[in-house]
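Trainee: Below are the sequence and a predicted model; questions follow.
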Amino acid sequence: MQRAEIEALANAEGLTISGVVQATIEKPLPNGAASLILLSPNEPLFWSHVQQSPEACDGTPDPLDRWSLRVISELALRLGGEPFFPFGGPPYHPFYTWAIDGGEVHVSPVALLTSQRAGLFASFRGAIALSEQITTEYIPSPCVGCAKPCTTSCPVGAMGPNGYDVPKCHAFLDSSEGQECLSNGCRARRACPAGTNRLSEQSAHHMSYFHR
């Protein structure tokens, strides 16, 4: 199957291909796979797919992970591949490394992953390993030529060129000033000129799991 056909199947589920990793001698893929397709939210359509799903309506915890498990497993079955997920561990699969090797996602000045499509909201719902080679597309980092507002946008300096101070971030989110980040998403991530399609409702969902 061609990459365009797989992309169309992913798009129908609110997902998009965000990189294709090719197996090498130095970096083999699981179970002898020839290539591995990374799947990410296709913003802003993704969130409506999730919200209309059985998982979002049954009142059971972790609806997004359960949705991802069902949808990507079904897609893998159609493609004759094997699904992998960034949750469910330990141990965890090396999604950070896979993302960089996939050619479309890059390390940002604040160490988070970024892409032309998603900016600092780059994330992965799963991956599918295939026995056939699928075309890899290299897309340059959005950080090239960027003024890098992500390094200065955090109101308490929890995220910057020196890394991410998680305790400082949580302390800020506990304050009244931090409620805006909880409702709309991390300001440093939102400052990225790329990836402006993330819905506030989706960011609020992720923040509620991050800041418990």
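Mentor: Perfect, thanks for sending it.

Trainee: From now on I want contacts and neighbour counts done on CA atoms only, so please keep to that.
Mentor: Fine.

Trainee: show me what contacts T114?
Mentor: T114 makes contact with 105-108, 120-122, 141-142 under the criterion CA atoms under 8 Å, 6 or more residues apart in numbering.

Trainee: And those, which is closest to R198?
Mentor: Taking CA to CA as the measure, R198 sits nearest to F121 out of these, at 7.5 Å.

Trainee: and the closest one, that one's in a helix?
Mentor: No - counting by DSSP: H, G, I helix; E, B strand; the rest coil, F121 is not found in a helix; it is coil.

Trainee: What's the separation between the nearest residue to it once chain neighbours are set aside and G88?
Mentor: Beyond its immediate neighbours in the sequence, the residue positioned closest to F121 (CA to CA, 6 or more residues apart in numbering) is R189, lying 6.4 Å away. Between R189 and G88 the distance is 25 Å, computed by CA to CA, to the nearest Å.

Trainee: Which of these two has more residues huddled nearby?
Mentor: Using other CA atoms under 10 Å as the criterion, R189 and G88 rank with R189 on top: 25 against 11.

Trainee: which stretches of the chain have low pLDDT?
Mentor: Flagging of the chain using pLDDT under 70 yields an empty set of residue ranges.

Trainee: tell me the helices in it, going along the chain?
Mentor: Assignment of helices within the chain using DSSP state H yields the ranges 3-11, 46-51, 54-57, 63-79, 95-101, 166-173, 179-184, 187-190, 200-210.

Trainee: so the residue nearest to F121 makes contact with K148?
Mentor: No - counting by CA atoms under 8 Å, K148 is not a contact partner of R189; they are 10.8 Å apart.

Trainee: Distance check, I6 against L130.
Mentor: Counting by CA to CA, the gap from I6 to L130 is 12 Å.

Trainee: quick one: which of the two has more around it?
Mentor: Neighbour count, other CA under 10 Å: between I6 and L130, L130 has more, with 22 against 17.

Trainee: Now do the contacts for the residue nearest the centre of the chain.
Mentor: Central residue of the chain (CA atoms, centre = their mean): S123, 0.8 Å from the mean position. The contact partners of S123, taken as CA under 8 Å, 6+ apart, are 40-41.

Trainee: Then the one 4 residues further on?
Mentor: Contacts here follow CA under 8 Å, 6+ apart; on that basis A127 touches 36-39, 72, 83-85.

Trainee: swap in S35?
Mentor: S35 is in contact with 20-23, 29, 129-134, counting by CA under 8 Å, 6+ apart.

Trainee: try N42
Mentor: Shown here is N42, whose contacts under the criterion CA under 8 Å, 6+ apart are 11, 14-16.

Trainee: Please apply the same query to E137.
Mentor: Counted by CA under 8 Å, 6+ apart, E137 has contacts 19-20, 102-104.

Trainee: cool, L77 as well?
Mentor: With the criterion set at CA under 8 Å, 6+ apart, L77 makes contact with nothing.
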